[in-house]
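>>> predicted structure and sequence below. I'll ask about it afterward.
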Amino acid sequence: MSTQTIEVPTDAELLQAQADLWRHSLYYLSSMGLRCAVELEIPTAIHHLGGVTSLPDLMSALSLPSGKIPFHGLLMCVLVTSGVFTADIDSESGVELYHLTPLSRILVHGVIADEHHS
């Protein structure tokens with residue numbers, strides 16, 4: 001039986017390989033998150049709520065049960081991280097608020113842009 005050898009990567013190469021694996025995994029999560037946002041019409045709901053909303057208000061607008069809030073919160077985190085929405089904490093209430101971005105505005109159904117701004 002012959003023994004096979006493999007070149008041992010350097011620490012930097014191993015670190016880069018791990019980073020590449022994570023990046024590919026997160027691309028998958030980002031695209032699945034975007035698909036969920038489109039299917040649930042999250043951008044349209046946020047638009048109808050004035051372009052900014054809290055998670056409970058969004059859940060109500062989407063007619064989703066409150067038991068789904070933890071999962072929807074994770075979805076929103078993925079969507080914020082990937083740039084579909086932005087989020088900040090309201091200084092008065094301490095509640096996290098989600099905002100439309102130029103990317104998510106493209107996904108709003110039934111709305112025609114008035115004009116293009118350059």
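Arrived safely. Numbers count the residues shown, from 1 in each chain.
>>> for the spatially closest residue to Leu62 that is not a sequence neighbour, what are its contacts?
Closest residue to Leu62 apart from its sequence neighbours, by Cβ to Cβ, 6 or more residues apart in numbering: Ala45 at 5.4 Å. Backbone N, C-alpha and C define where each C-beta goes, glycine included. Ala45 sits next to Thr53, Leu58, Ala61, Leu62 when contact means Cβ atoms under 8 Å, 6 or more residues apart in numbering.
>>> give me that answer again for 10 Å
Contacts here follow Cβ atoms under 10 Å, 6 or more residues apart in numbering; on that basis Ala45 touches Ala37, Thr53, Asp57, Leu58, Met59, Ser60, Ala61, Leu62, Ser63, Leu64, Val108, His109.
>>> for this protein, just list every one of the strands.
52-54, 85-89, 96-100 (DSSP state E).
>>> would you turn these into JSON lines with mean pLDDT and distance to Glu41?
Output for the strands of the chain, formatted as JSON lines (pLDDT from 0 to 100; distance: least, Cβ to Cβ, whole Å):
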{"stretch": "strand 52-54", "mean pLDDT": "97", "distance to Glu41": "13"}
{"stretch": "strand 85-89", "mean pLDDT": "97", "distance to Glu41": "13"}
{"stretch": "strand 96-100", "mean pLDDT": "97", "distance to Glu41": "13"}
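>>> of these, which is nearest Ala12?
Closest to Ala12 of the strands of the chain, according to Cβ to Cβ: strand 85-89, at 33.9 Å.
>>> which helices and strands does that closest one pack with?
If you count contacts as 3 or more Cβ pairs under 10 Å, 6 or more residues apart in numbering; DSSP states H and E, strand 85-89 packs onto helix 42-48, strand 52-54, helix 69-81, strand 96-100, helix 102-106.
>>> which residues touch the nearest residue to Leu55 once chain neighbours are set aside?
Spatially, and ignoring its direct neighbours in sequence, Leu55 is nearest to Gly73 (5.8 Å; Cβ to Cβ, 6+ apart). Contacts here follow Cβ under 10 Å, 6+ apart; on that basis Gly73 touches Leu55, Leu58, Met59, Glu96.
>>> before we move on, back to that, out of the strands of the chain, the one nearest Leu14 is which?
strand 85-89 (33.7 Å).
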